[in-house]
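Asker: Next come a sequence and a model predicted from it.
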Amino acid sequence: MTLNKVTYMLSDPGKFGMRMLIAGGAGLILSILGWVLDADRFFHAYLTAFVFWTSIGLGALFFTMLHHLVGARWSVVIRRISESIMMVLPYMAALFIPALIGMHSLYHWSHADAVAHDALLQAKSGYLNQTFFIIRTVFFFAIWSLLAIKLHKLSLKQDKGDTQAIGDAMRKTSAWGMLLFAVTVTYAGYDWLMSLNPHWFSTIFGVYFFAGGLLSVIAFMTLIALALRRKGILADTITVEHYHDLGKLMFAFTVFWTYIGFSQYFLIWYGNVPEETVWYLARWEGSWQFVSMVILFGHFVLPFVALLFRATKRTPIALTLIGCWILLMHWVDMYWLVYPTLLKEGASINWIEPATMLFIGGVFLWGFWGRFSRHPLIPVQDPKLAGSINHVNPF
């Protein structure tokens, strides 16, 4: 893997993309085997892997739009990483098809006989029905793909000049795009995850889903930048000052995710309404109690304490470990949201979960690397690029 230091393009992108495609193919074979042997387990594992990777793509779309809206300078050098991650979202639309096939395994409200004997499901059937569910999912991906493709095209166009006008266009796109993003991500969280328990509801759940995805994409981008650094790519461009800022963002959104999660729990605990508390009670049965404690200490306490220190945020090996840990905890969180509807007696892991992660993850990383390695690794004509390279943390 070699970088042309004039064009900032990889003259040799290496074999990473091909390896990820092979890994995805191996995951596909194992996933099909899992589908044949245990369809219910497969569909729940598939949904867990799907929301894990899709939330990272959505986090990247939000990060890119936020960068343009606030006119950020420090993050210019990592913008192409987030842009390339968000460009995987159109692929994720196709990867949702198996989840649609497994709707009867995943969603209780998709059974007509269950709805016929349940007054609450009948009341919600105008929203929770298969046709409207599919229409909404198509609409969500259409909006996200439109935003990702438009912003990515403008970014590549900026490499050829007329930077001020293109910068203005990216900012305007991000302004209306952010409003649509907020609505669609919220309802995607309701549809894909919250409706697994159609009797339960939480108005803050969409923000919880978003917060986990944003935290994860910051960890993911940090790991990508550090992996490039180990290869000597962009080592003098993405400096310790940028890693320090990424560490601060991981710390901030660790707290934000916890704040949203605790707010949801606290309001339900205080209200003590049976149709709301039942969701948490299911996650306190048997070994689910252990998983809940893992999320509390692993998703919050450990990264919170580790990222308190300035030295941690400026040490590559420490950030690598924390980034990997945050992604692991994000998967545990998605597992905790999805699986209690299937494994009511207690949590367990078998080979189908890593198989589906390997399949979707392989496709996701192949798609990301294909976009990232095909174009300049940084926006070479961005007027704020020099300031970003020379960025120094004030604290």
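Answerer: Nice, thanks for sending it over. Numbering: from 1, shown residues only.
Asker: pLDDT (mean, whole number) over the helix or strand Ile22 falls within?
Answerer: For Ile22, the element it lies in under DSSP states H and E is helix 16-37. Averaging pLDDT along helix 16-37 yields 96.
Asker: for stretch 241-254, same thing?
Answerer: Stretch 241-254 carries an average pLDDT of 96.
Asker: Dump it to PDB, keeping only the CA atoms.
Answerer: Presented in PDB, the C-alpha positions along stretch 241-254 are these (Å, rounded to 0.1, in the frame of the first residue of the first chain):
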ATOM      1  CA  GLU A 241      -3.900  16.500  17.700                       C
ATOM      2  CA  HIS A 242      -6.700  15.000  15.600                       C
ATOM      3  CA  TYR A 243      -6.600  11.700  17.600                       C
ATOM      4  CA  HIS A 244      -6.900  13.800  20.700                       C
ATOM      5  CA  ASP A 245     -10.100  15.400  19.300                       C
ATOM      6  CA  LEU A 246     -11.400  12.000  18.300                       C
ATOM      7  CA  GLY A 247     -10.800  10.800  21.800                       C
ATOM      8  CA  LYS A 248     -12.600  13.800  23.200                       C
ATOM      9  CA  LEU A 249     -15.600  13.000  21.000                       C
ATOM     10  CA  MET A 250     -15.600   9.400  22.100                       C
ATOM     11  CA  PHE A 251     -15.600  10.600  25.700                       C
ATOM     12  CA  ALA A 252     -18.400  13.100  25.000                       C
ATOM     13  CA  PHE A 253     -20.700  10.600  23.200                       C
ATOM     14  CA  THR A 254     -20.000   7.900  25.800                       C
END
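Asker: Return the set of buried residues in the helix holding Ile22.
Answerer: For helix 16-37, the neighbour count (16 or more other Cβ atoms under 10 Å) marks 16-17, 20-21, 23-24, 27-28, 30-31, 34-35 as buried. Heads up, the C-betas are built off the backbone N, CA and C, glycines and all.
Asker: same check, this time on stretch 112-122
Answerer: For stretch 112-122, using 16+ other Cβ under 10 Å, the buried residues are 115, 118, 121.
Asker: how far does that stretch stretch from start to finish?
Answerer: Using Cα to Cα, to the nearest Å, the end-to-end distance of stretch 112-122 comes to 10 Å.
Asker: which residues are contacting that stretch?
Answerer: Here stretch 112-122 makes contact (Cβ atoms under 8 Å, 6 or more residues apart in numbering) with 108-109, 125, 128, 198-199.
Asker: Dump the residues you listed to CSV, plus neighbour count and secondary structure.
Answerer: Converted to CSV, the contacts of stretch 112-122 look like this (neighbours: other Cβ atoms under 10 Å; DSSP: H, G, I helix; E, B strand; the rest coil):
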residue, neighbour count, secondary structure
His108, 17, helix
Trp109, 23, helix
Ser125, 16, coil
Leu128, 19, coil
Pro198, 20, coil
His199, 15, coil
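Asker: Check those residues and tell me the two furthest apart.
Answerer: Greatest spatial distance among the contacts of stretch 112-122 (Cβ to Cβ): Ser125 and His199, at 13.3 Å.
Asker: Low-confidence bits of the stretch 251-395 of the chain, can you list those?
Answerer: In the predicted model of the stretch 251-395 of the chain, residues 395 satisfy pLDDT under 70.
Asker: Kindly recompute the last result at 90.
Answerer: Along the stretch 251-395 of the chain, the parts satisfying pLDDT under 90 run over 271-276, 285, 344-345, 381, 391-395.
Asker: Please name the residues that touch the residue nearest to the spatial centre of the chain.
Answerer: Note on the chain: the residue nearest the mean C-alpha position is Ile56, at 1.8 Å, using Cα atoms, centre = their mean. Contact analysis of Ile56 by Cβ under 8 Å, 6+ apart lists 85, 213, 216-217, 220, 364.
Asker: contacts for the helix holding Ile22?
Answerer: So helix 16-37 is in contact with 1, 41-43, 45-46, 98, 351-352, 355-363, 365-366, 369-370, 373, going by Cβ under 8 Å, 6+ apart.
Asker: Quick one: buried ones out of these?
Answerer: 41-43, 45-46, 98, 352, 355-363, 365-366, 369-370, 373.
Asker: What are the buried residues along stretch 260-270?
Answerer: So, applying 16+ other Cβ under 10 Å, buried residues of stretch 260-270: 260-261, 264, 268.
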